[in-house]
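Chemist: Show me the folded form of this:
(chains A and B)
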Amino acid sequence: GAVVSQHPSWVICKSGTSVKIECRSLDFQATTMFWYRQFPKQSLMLMATSNEGSKATYEQGVEKDKFLINHASLTLSTLTVTSAHPEDSSFYICSAKAVGQGAYEQYFGPGTRLTVT
Amino acid sequence: SQQGEEDPQALSIQEGENATMNCSYKTSINNLQWYRQNSGRGLVHLILIRSNEREKHSGRLRVTLDTSKKSSSLLITASRAADTASYFCATRTGANSKLTFGKGITLSVRP
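Modeler: Sure thing, here's the model as predicted:
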């Protein structure tokens, strides 16, 4: 089946620094990738949708200058949390939709746990 | 905003018993999906049911969809300790619309 990887799986950073999270589709090409955030014992909230080669579309309330998304190729999207603060600590999950697959198919990565101290 | 709402929020059963989880949603959908998430891990897709389908099976999983009541249920038969996880329903209002997740149900299966 289609595999999505994320790197790193967990990261601890100091307040004020920036952190980059990578999302890769390993065995398929993804025209669209999604970034979600999940707080403990809560649901996944969509942050943004990115299409390869174009700007990401951010959900209401998500600061695009704080959460920079780049989807430079059909297999890689990155999320950079700039000037991270403790309230940005969360579980970040990416998801990818495959080229040529039915519109229903969306594959999820294993998540990245970010802790900002 | 939340589209799907699961109930119960938490369920604890004995191994071997069946687990039934429900999801209700507010607007018309194109399809509804169920996912499993083990603690601190990513999501695993379990099953997708389209709006014109009423029931689907996959192994020990049975999903029903009642579009008139805007609700779905996930039945796990003969539960195992390894089924312990959080379960989420997610809906799409259109074929290419975003997935919207419910709050999730925490299932604990006691060995």
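Chemist: Report the beta-bridge partner residues of A:Phe91.
Modeler: With DSSP bridges as the criterion, A:Phe91 is bridged to A:Gln38, A:Arg113.
Chemist: Which helix or which strand is home to the spatially most central residue of chain A?
Modeler: Geometric centre of chain A, nearest residue: A:Trp35, 3.5 Å, by Cα atoms, centre = their mean. Using DSSP states H and E, the element containing A:Trp35 is strand A:30-38.
Chemist: immediately after that strand, which helix or strand?
Modeler: strand A:44-51.
Chemist: low-scoring stretches of the chain, by residue?
Modeler: Reading this off chain A. Within chain A, the ranges that satisfy pLDDT under 70 run A:1, A:99-104.
Chemist: Chain B, not that one
Modeler: Looking at chain B by pLDDT under 70, you get B:1-4.
Chemist: Near chain A, which residues of chain B are found?
Modeler: Within chain B, the positions near chain A by Cβ under 8 Å from any Cβ of the partner chain are B:2, B:31, B:33, B:35, B:40-45, B:48, B:88, B:92, B:95-96, B:98-104, B:106. All C-beta atoms are positioned from the backbone trio N, CA, C, and that covers glycine.
Chemist: run the last query once more with 7 Å
Modeler: For chain B, the residues in contact with chain A (Cβ under 7 Å from any Cβ of the partner chain) are B:31, B:40-43, B:48, B:88, B:95-96, B:98-99, B:101-104.
Chemist: Now for those residues: which two are most distant?
Modeler: B:Gly40 and B:Ala95 (31.8 Å; Cβ to Cβ).
Chemist: hey, what's residue 6 bridged with?
Modeler: Just going to use chain A. A:Cys23.
Chemist: hmm, I had chain B in mind actually
Modeler: B:Cys23.
Chemist: now it: how far from A:Ala2?
Modeler: 26 Å (Cβ to Cβ, to the nearest Å).
Chemist: Looking at these two, which one has more neighbours?
Modeler: B:Glu6 (25 against 17; other Cβ atoms under 10 Å in any protein chain shown).
Chemist: Let me see the contact set for B:Lys103.
Modeler: A:42-43, B:2, B:5-6 (Cβ atoms under 7 Å, 6 or more residues apart in numbering or on different chains).
Chemist: let's go with 10 Å and repeat that
Modeler: Residues near B:Lys103 by Cβ atoms under 10 Å, 6 or more residues apart in numbering or on different chains: A:41-44, B:2, B:4-7, B:9, B:23, B:86, B:88-89.
Chemist: B:Val44 now?
Modeler: Going by Cβ under 10 Å, 6+ apart, the list of residues near B:Val44 reads A:108, A:110, B:34-38, B:85.
Chemist: what about the residue lying closest to the residue nearest to the centre of chain A once chain neighbours are set aside, how many residues close to it?
Modeler: Taking Cβ to Cβ, 6 or more residues apart in numbering or on different chains as the measure, A:Trp35 lies nearest to A:Met47, with 4.6 Å between them; neighbours along the chain are not counted. Close neighbours of A:Met47, defined as other Cβ under 10 Å, add up to 23.
Chemist: now B:Pro8
Modeler: Counted with other Cβ under 10 Å, B:Pro8 comes out at 12.
Chemist: same thing with A:Ala48?
Modeler: 22.
Chemist: ok, what's across the strand from it?
Modeler: Counting by DSSP bridges, the residues bridging with A:Ala48 are A:Trp35, A:Tyr58.
Chemist: No further questions, thank you.
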